[in-house]
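S.K.: What follows is a predicted structure for the sequence shown.
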Amino acid sequence: MSDIRKLLGLKIKEIRRKRRMSQEELSFESELHRTYISDIERGNRNVSIKNIEKIAKALNVSLKELMP
């Protein structure tokens, strides 16, 4: 699995689950739609750096920690 989108999605999903957050909670905290979060976690979205920043803030991690 070398696709950076899939690796990023898996990392976000892993951190979200460790924090016991649902996709809905993450979407609310990041101000992104739940289906968008789902698409990211499955590697189906090419996410902008701005949205990666929103997700990192919502998960309370640094951008560096989100990078695969």
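M.R.: Structure received. Just so it is clear, the model here is predicted, and its values are computed rather than measured. Numbering: from 1, shown residues only.
S.K.: what sits against Y36?
M.R.: 27, 45, 51 (Cβ atoms under 8 Å, 6 or more residues apart in numbering). Heads up, the C-betas are built off the backbone N, CA and C, glycines and all.
S.K.: Test for you: state the pLDDT assigned to it.
M.R.: Per-residue pLDDT puts Y36 at 98.
S.K.: And S2, by the same measure?
M.R.: Looking at S2, its pLDDT is 64.
S.K.: Out of the contacts of Y36, grab the one that's most surrounded.
M.R.: Neighbour counts for the contacts of Y36 (other Cβ atoms under 10 Å) peak at S27, which has 19 neighbours.
S.K.: what packs against the host helix or strand of it?
M.R.: Applying DSSP states H and E as the criterion places S27 in helix 23-30. The contact analysis (3 or more Cβ pairs under 8 Å, 6 or more residues apart in numbering; DSSP states H and E) places helix 23-30 against helix 34-41, helix 49-59.
S.K.: Just the mean pLDDT for that helix, thanks.
M.R.: Averaging pLDDT along helix 23-30 yields 98.
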